[in-house]
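K.L.:
return a 3D structure for these sequence lines:
(2 chains)
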Amino acid sequence: MENILQFLLENKGAIFMVILSIFLGIEVISHVPAILHTPLMSGANAIHGVVIIGAIIVMGHAETTGAMILGFLAVVLGTLNVVGGFVVTDRMLEMFKKKK
Amino acid sequence: MNDLSLFSVGISVLEITYIIASVLFIMGLKMLSHPLTARRGNIYAAIGMIMAIVATILFHQKEGKPIGNIGLIIAAIVVGTIIGWVIAKRVRMTAMPQLVSFFNGMGGAAAALISMMEFPHVSPELIAESGMSNGHVLAILLGLVIGTVSWAGSMIAFGKLDGWIGDLRVKAMKFVNLTILAVIVALVAYVMTRDVQAAGELSTFIYIIFAIAVVYGVLFVMPIGGADMPVVISLLNSFTGVAAAMGGFLYNNQAMLTGGILVGSAGTILTVLMCRAMNRSLLNVIVGVFGGGGKANTDEAGTVKEITVSDASVLLSYSKKVVIVPGYGLAVAQAQHICHELDKLLEEKGVEVKYAIHPVAGRMPGHMNVLLAEADVPYEQLVESDEINPDLPNTDVLVVIGANDVVNPAAEDDPSSPIYGMPIIKARDAKNIIVMKRGMGKGYAAIENMLFFNSKTRMLFGDAKGTLQNLVNEVKAL
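P.N.:
Numbering: from 1, shown residues only, chains lettered A, B, ... in the order given. Sure, this is the predicted structure:
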């Protein structure tokens, strides 16, 4: 129990941010028209590719061969998420733009 | 600058870059929700991402050590970029739902890998001080479980949407799933209450948890039918967001935290919006084994009446108002272009043509909008179901192309039907109904559709693309 309280205290900044981000996420997309559901989902999909930063950090401090292989894999997969996500979203939105 | 122990220019630049990246993510997501700014929003978010990645490689430090293995990291990024780019550019527009699901799974897998690798490195001081039950370990384990479930689930969703994995519907499934979930929770609790010197001693459990989470991810998505796929993809999307945020906790990294949580909460809301469009609760989608059921009294159903292509073309050409209801069948047959050709021909003849778009038609939220946009159908012709319904009694012909559940009157008539209460396009209000279908198979939800047996309905069997091509030829010849 004490551990949990201590954790909450030490991470109060992060917890604060999490709570605000939750409200922000809800607020930002609550009035989205149905036509944009797919691109929005796809765009959000690309944004959580931010996990690649963690992959880079892990890889950057990997020392054993096993860790390097896994780290390399993590960076590749994270990049796939980021690049694929943004490119697919752009491709979808490009079609919307063609006609006014 | 080694003598600056707490402050260094690099770290400051890194943190400031993360703040800017977070702002760009938020702005990007906001702009993505408006048609005019959507494309720019996507690019803003991408710029934020590139900044965060570059700054991490250049300035990140862990206990004073900068990022190593830079050559390999860049090589990995290059490999990922090339593969991602090629797949994203090459894939057919209709395969978009699979693709989103696939990329989502990659993010989940990356999050799970990070957790697996960080677990043995939990600092011994932390363990000596507070045992295994600390926030750091919890973040690692949650990242592992959520990331793995998201990865496994997304791969199954990908396979289902791509058509090489069928549905598995067993009544006992929900108990099995709940049991597995309980086992995972128990294992996490077990690991966190162990009394050890180093986390590495418990590595075996990490692999066991990983393996069970894979099984859970697979079984979680297996029973969920195609009609619910949009909900599932959206849900898995927010899972990966949360898994990424766990990484943010782990590294005390603001960009990962905001990005992850933002997607987690936005994805959850989107999921809820979709559930509402089907008048079902999220729990019902996840736990309830959907499909089948309902009164499948085919005996009473009566017979269906067919219509020939030439009769259909005459009927359409001499109508005043035509409404097209597209569904997944249109996407599968790649018939969106030929469909638009038909509507242009009819408009030239003075027929008013509208598309009725049901929010959950297809396999993904807004699927039909994307599909028809690709074929250059103008915005103004796309009408949402609530708006078109009052207009349907004045509609001369309603053409259903590859849609089924979204026009099924059982949603209004049959309280025992699994889709009872779902808002539908009230197709039977139209004066005439033409249903284009490959055969008499049931829809994705496997529910009998009484609309096909309605006295006003005529069936036009065949592949949507071929049938539409024939229709276009006939209408041209008239």
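K.L.:
C-alpha from now on. contacts and neighbour counts both.
P.N.:
OK.
K.L.:
touching chain A at all, stretch B:177-189?
P.N.:
No - Stretch B:177-189 does not reach chain A (C-alpha under 8 Å from any C-alpha of the partner chain); its nearest approach is 13.8 Å.
K.L.:
by contact count, what packs against the lengthiest helix in chain B?
P.N.:
In chain B, with assignment by DSSP state H, the single longest helix is helix B:135-161. The helices and strands touching helix B:135-161, judged by 3 or more C-alpha pairs under 8 Å, 6 or more residues apart in numbering or on different chains; DSSP states H and E, are helix B:96-118, helix B:173-193, helix B:203-221, helix B:229-251.
K.L.:
okay, now the unreliable bits of chain B?
P.N.:
Residues of chain B that meet the criterion pLDDT under 70 lie in B:1-7, B:169, B:226-227, B:277-279, B:286-302, B:365, B:441-447.
K.L.:
domain-wise, how is chain A divided?
P.N.:
A:1-31, A:34-100 (automatic domain parsing).
K.L.:
just give me the lowest mean pLDDT stretch among these.
P.N.:
In terms of mean pLDDT, the lowest-scoring of those is domain A:1-31 (a mean of 82).
K.L.:
enumerate the positions of that domain that are buried.
P.N.:
By neighbour count with 16 or more other C-alpha atoms under 10 Å in any protein chain shown, domain A:1-31 contains the buried residues A:A14, A:M17, A:V18, A:S21, A:I22, A:L24, A:G25, A:I26, A:V28, A:I29.
K.L.:
contacts with chain B among these, please.
P.N.:
Counting by C-alpha under 8 Å from any C-alpha, the members of these near chain B are A:A14, A:M17, A:V18, A:S21, A:I22, A:L24, A:G25, A:I26, A:V28, A:I29.
K.L.:
CSV for those, including secondary structure?
P.N.:
Shown next, in CSV, are those (DSSP: H, G, I helix; E, B strand; the rest coil):
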residue, secondary structure
A:A14, helix
A:M17, helix
A:V18, helix
A:S21, helix
A:I22, helix
A:L24, helix
A:G25, helix
A:I26, helix
A:V28, helix
A:I29, helix
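K.L.:
nearest to A:T38, of these?
P.N.:
A:I29 (12.5 Å; C-alpha to C-alpha).
K.L.:
I'd say that closest one and B:M31 touch.
P.N.:
No - the criterion here is C-alpha atoms under 8 Å, and A:I29 misses it with B:M31 at 9.4 Å.
K.L.:
residues from the stretch 251-400 of chain B in reach of chain A?
P.N.:
Near chain A, when you scan the stretch 251-400 of chain B using C-alpha under 8 Å from any C-alpha, you find B:251-252, B:254-267, B:269-270, B:359, B:364-367, B:369-370, B:373-374, B:376, B:378.
K.L.:
which of these fall in helices?
P.N.:
Those of these lying in helices (DSSP H): B:251, B:254-267, B:269-270, B:367, B:369-370, B:373-374.
K.L.:
so where does residue 19 fall, helix or strand?
P.N.:
You didn't pick a chain, so chain A it is. For A:I19, the element it lies in under DSSP states H and E is helix A:12-29.
K.L.:
that was the other one, I meant chain B.
P.N.:
helix B:9-32.
K.L.:
is that helix positioned near chain A?
P.N.:
Yes - residues of helix B:9-32 contacting chain A under C-alpha under 8 Å from any C-alpha: B:F25, B:I26, B:L29, B:K30, B:L32.
K.L.:
run a quick neighbour tally on the third one.
P.N.:
Same thing as B:L29. 27 (other C-alpha atoms under 10 Å in any protein chain shown).
K.L.:
on that earlier part again, run the chain-centre distance for the longest helix of chain B.
P.N.:
15 Å (C-alpha atoms, centre = their mean, to the nearest Å).
K.L.:
and that helix with helix B:96-118, angle?
P.N.:
150 degrees (axes from the mean of the first three to the mean of the last three C-alpha atoms, to 10 degrees).
K.L.:
so can I have TSV of the helices and strands packed on helix B:135-161 showing distance to B:L126 and mean neighbour count?
P.N.:
Formatted as TSV, these follow (distance: least, C-alpha to C-alpha, whole Å; neighbours: other C-alpha atoms under 10 Å in any protein chain shown):
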stretch	distance to B:L126	mean neighbour count
helix B:96-118	14	29
helix B:173-193	13	16
helix B:203-221	17	20
helix B:229-251	13	29
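K.L.:
save those helices as a markdown table, and put in distance to B:K321 too.
P.N.:
As requested, the helices and strands packed on helix B:135-161 are exported to a markdown table (distance: least, C-alpha to C-alpha, whole Å):
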| stretch | distance to B:K321 |
| --- | --- |
| helix B:96-118 | 32 |
| helix B:173-193 | 47 |
| helix B:203-221 | 41 |
| helix B:229-251 | 31 |
